[in-house]
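# Below: sequence and its predicted model.
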Amino acid sequence: MAVKTKKVWQNKPRIRSIVKKASVDLLFILIASVLSVLLVADTLKLESLDMLWWTLMHIACAALAFSLSRTYLVSYRSFALIDTLMLFFAFFLIAAVEILYAFLTPVRLLHAVLYLVLFFAAATAVRLAFRLRQELLMRYTHKDDSERIVVVGAGVAGNTVIRELQGTDKMKYRPVAIVDDDLAKQGMTVGGVLVVGTTYEIKAVVEKYRATGILFAIPSATAKQKKEILSRCQIPGIRLRTVPGLYQLVTGEVSLTKMRDVEVGDLLGREQIKVDLNEIKDYISDEVVLVTGGGGSIGSELCRQIAEGRPRQLIIFDVYENNAYDIEQELRTKHASLNLLVLIGSIRDKGKLEDVFEKYHPTVVFNAAAHKHVPLMETSPCEAVKNNVFGTLNVARAADKYGAKRFVQISTDKAVNPTNIMGATKRICEMIIQTVGKHSETDFVAVRFGNVLGSNGSVIPLFKKQIAEGGPVTVTHPDIIRYFMTIPEAVSLVLQAGAYATGGEIYVLDMGEQVRIYDLAENLIRLSGFEPGVDIDIVCTGLRPGEKLYEERLMDEEGMQKTANASISIGKPIELDEDAFFHKLDALYEAAYAESPDMKNLVHELVPTYTIDKRNS
């Protein structure tokens, strides 16, 4: 009983709103009923027209029609075209009953028609009046602290965003002008906001209209178009935002009005990556999935996307408890029904891994655990070998021994012709999964990609920290270039590549064009509201140990083969002498754990394309 009372109490505002609207319509019914008679007859004759019953019939008919069309559930302040159509539907029902009633009773048809016209005009007018009042209030009365924004794009998206912003009670953003490169749209108005120029004139428009923000509202723009337009919109002190991309809107990930700040990733000029979600779910759904290094940048995003695929169980295995705790809390909040297990441990611990595989029998394994920081590994090369090489060997052998269906190794473009120990160890990892996979029922594959934006220890967090401290921003070399993609993009393609696995392949992700790090620093400074070289300097510090000017995706012998996804290619496996390979691995194991100065030379024997940096030898 208490629950029912509470529900009624919670619905009181809604009930009051319906009663108010119905009362207004009731008044219109009475007025229209009387006027429809007075306009036809000289005097009001209740006896002949049976006025009372006719009025009651009007009320009953209107109540039924408005209930069926749910008209009273619509807020008059947001009354739109679709609501007008629903009102027409309601009056169509009323008209049908009224005219039928006129034919079956002494009531003259003209009375019925006049009543319908008068009632419809009054009911529509009051709704449109409320809507017009709301539009005027939103457009001409605003908070002093509302942000004045220039909208880029006068198309459907720009129109929708402007009307949404104008239709909110708490007007946080106030559109003051629109720019669009379509000359045919110049001088047009969208929601009362004028198209005043093109994106080439954006700086002058911002200054003229005293705007403090710019909103990019062209979700259909190609990545190249978006990059060019956003580059023109970078103005010191002006906040730059964007609506979601077309792919996100189509898949229903976000709504059009969910704007966000423009990020460096928007300026890369990369097209939105598309993956086959059904293919991914087919091999994830109802499986026990193990993610080693599940608390790291790539590992945690793997866990997020795997959770969407409804695995039977998701096991996160990580040596760093804080990272593991963070992703555990996030997943338990977003996926309450997920069967999640978090285990703390190192992939170096062969016994621990054996216990995990024996007890939980993971059927799909993603090995994302690794030491990845190039300069740090140059000063601690033995740790890179212990963790990356022999940790991977431990996981691979456990997956083979306990019958996992699929094993996906996370690799890097630094494994190609490496100039640092980290890249060389990742190349050995690729060789391990190809060799172990030759004699296993498990499908072993590796996925190779470049830098990811925003990962732990990457340049973006470093640049942001340096900008927040007032600079300078440090770049190792003015000409250094790298492949980049966002973490979600990289992980989506990793999962897609896992669906293609048949055993032994090295999948290479299309990273687009390489990006000049110096340009990246300049863009990030501008996005932060500053001018490079004026507000914040950029200083070149020299290449770090093990660092090279550019990265490569494939070795000469590997070639390239396309897959069903244009963003994923296959590198042809390079044949190995297995006995010699494992013999050298044994020697490397002894050297790494003995901290032997000869250790890097043994790595070079395994990876002949590895160029040892003499500065750390």
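Done, it's in.
# Could you use CA atoms for every contact and neighbour count after this?
Fine.
# tell me how far the ends of stretch 309-322 are from each other?
End-to-end span of stretch 309-322 (CA to CA, to the nearest Å): 25 Å.
# cool, and stretch 286-296?
24 Å.
# again with stretch 174-183
24 Å.
# I'd say residue 279 and residue 496 touch.
Yes - using CA atoms under 8 Å, residue 279 is in contact with residue 496, at 7.2 Å.
# who has more neighbours, the two?
residue 496 (23 against 15; other CA atoms under 10 Å).
# How much space separates that one from residue 378?
For residue 496, the distance to residue 378 equals 33 Å [CA to CA].
# got it, and residue 174?
Residue 174 is 53 Å from residue 378, by CA to CA.
# From the rest of the structure, what touches the strand or helix carrying residue 409?
If you go by DSSP states H and E, residue 409 is part of strand 406-412. For strand 406-412, the external contacting residues (CA atoms under 8 Å, 6 or more residues apart in numbering) are 363-368, 396, 399, 423, 426-427, 429-430, 433, 442-450, 494, 498, 501.
# repeat for stretch 207-220
By CA under 8 Å, 6+ apart, stretch 207-220 touches 147-153, 155, 157-158, 161, 176-177, 206, 230, 233, 237-246.
# ok, now stretch 362-371?
Contacts of stretch 362-371 (CA under 8 Å, 6+ apart): 284, 287-294, 296, 298-299, 318, 347, 377, 384, 387-388, 392, 395, 399, 403-410, 422.
# Which of the residues you listed fall in strands?
Mapping the contacts of stretch 362-371 onto strands (DSSP state E) picks out 288, 289, 290, 291, 292, 318, 406, 407, 408, 409, 410.
# how distant is stretch 409-420 from the center of its chain?
Taking CA atoms, centre = their mean, to the nearest Å, one finds the center of stretch 409-420 at 28 Å from the center of the full chain.
# actually stretch 317-333, not the one I typed
Taking mean C-alpha positions (CA atoms, centre = their mean), stretch 317-333 and its chain are 21 Å apart.
# before we move on, the earlier item: centre of the chain to the strand holding residue 409, how far?
24 Å.
# and that strand, average pLDDT?
The average pLDDT within strand 406-412 is 94.
# Looks to me like residue 31 is in a helix.
Yes - using DSSP: H, G, I helix; E, B strand; the rest coil, the assignment for residue 31 is a helix.
# what's the burial count for it?
When neighbours are counted by other CA under 10 Å, residue 31 comes out with 15.
# Can you read off the pLDDT for it?
71.
# in the sheet, who's paired with residue 410?
Beta-bridge pairing for residue 410 (DSSP bridges): residue 447.
# Okay, it and residue 341: tell me how far apart.
For residue 410 relative to residue 341 (CA to CA), the value is 21 Å.
# Helices along the stretch 151-300 of the chain, start to end?
With DSSP state H, counting those that start in this stretch as the definition, the stretch 151-300 of the chain shows helices at residue ranges 156-166, 202-208, 223-232, 246-250, 277-284, 297-308.
# Could I get those in a markdown table, plus columns for distance to residue 611?
Shown next, in a markdown table, are these (distance: least, CA to CA, whole Å):
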| stretch | distance to residue 611 |
| --- | --- |
| helix 156-166 | 52 |
| helix 202-208 | 49 |
| helix 223-232 | 36 |
| helix 246-250 | 42 |
| helix 277-284 | 38 |
| helix 297-308 | 27 |
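# per-stretch mean pLDDT over these, give me the minimum one.
Least confidently modelled of these is helix 246-250, at a mean of 43 by mean pLDDT.
# could you flag which of the contacts of stretch 207-220 are buried?
For these, a burial check counting by 16 or more other CA atoms under 10 Å picks out 147-153, 155, 157-158, 161, 176-177, 206, 230, 233, 238-246.
# Take these and keep only those in strands.
147, 148, 149, 150, 151, 152, 176, 177, 239, 240, 241, 242.
# Quick check: phi and psi at residue 381.
Residue 381 has phi and psi values of phi -60, psi -30 when expressed as degrees, to the nearest 10.
# Please tell me how far the closest residue to it other than its chain neighbours sits from residue 349.
Among residues not flanking residue 381 along the chain, residue 421 sits closest, at 6.2 Å (CA to CA, 6 or more residues apart in numbering). For residue 421, the distance to residue 349 (CA to CA) stands at 22 Å.
# more crowded one of the two?
Each of residue 421 and residue 349 has its neighbours counted (other CA under 10 Å); residue 421 has more, 32 against 14.
# is it true that the more buried one touches residue 382?
No - using CA under 8 Å, residue 421 is not in contact with residue 382, being 9.1 Å away.
# Any figure for the gap between residue 294 and residue 286?
19 Å.
# What of residue 366?
16 Å.
# Poorly predicted segments of the stretch 201-350 of the chain, please.
244-259, 269-274 (pLDDT under 70).
# Could you tell me the angle between the strand holding residue 409 and strand 288-292?
20 degrees (axes from the mean of the first three to the mean of the last three CA atoms, to 10 degrees).
# wait, what's in contact with residue 424?
414, 415, 418, 603, 607, 610 are the contacts of residue 424 under CA under 8 Å, 6+ apart.
# wait, residue 280 sits on residue 499?
Yes - at 5.9 Å, residue 280 counts as touching residue 499 under the criterion of CA under 8 Å.
# who has more neighbours, those two?
Shown here are residue 280 and residue 499; by other CA under 10 Å, residue 280 has more neighbours (22 against 19).
# ok, the more buried one to residue 364 distance?
12 Å.
# Surely residue 497 is in a helix?
Yes - looking at residue 497 with three-state DSSP, it is inside a helix.
# Would you confirm that it contacts residue 570?
No - contact criterion CA under 8 Å: residue 497 and residue 570 do not qualify, at 9.4 Å.
# Between these two, which is the more surrounded one?
Comparing residue 497 with residue 570 by neighbour count (other CA under 10 Å), the higher total belongs to residue 497, at 29 against 21.
# SS state for the closest residue to the more buried one other than its chain neighbours?
Closest residue to residue 497 in three dimensions, ignoring its sequence neighbours and counting by CA to CA, 6+ apart: residue 507, at 6.7 Å. What three-state DSSP gives for residue 507 is strand.
# Specify the beta-bridge partners of residue 507.
Counting by DSSP bridges, residue 507 is bridged to residue 447, residue 570.
# My guess is it contacts residue 572. True?
No - taking contacts as CA under 8 Å, residue 507 lies outside contact range of residue 572: 9.2 Å.
# Only whichever of the contacts of stretch 362-371 are buried, select them in PyMOL.
Entered in PyMOL, the line below selects the buried ones among these, by 16+ other CA under 10 Å:
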select buried, resi 284+287+288+289+290+291+292+293+294+296+298+299+318+347+377+384+387+388+392+395+399+403+404+405+406+407+408+409+410+422
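# For residue 322, grab the count of nearby residues.
So residue 322, with other CA under 10 Å, has 11 neighbours.
# Low-confidence stretches in the stretch 351-500 of the chain?
For the stretch 351-500 of the chain (pLDDT under 70), the answer is 454-457.
# correct me, but residue 159 touches residue 189?
No - assessed by CA under 8 Å, residue 159 is found out of contact with residue 189, at 9.5 Å.
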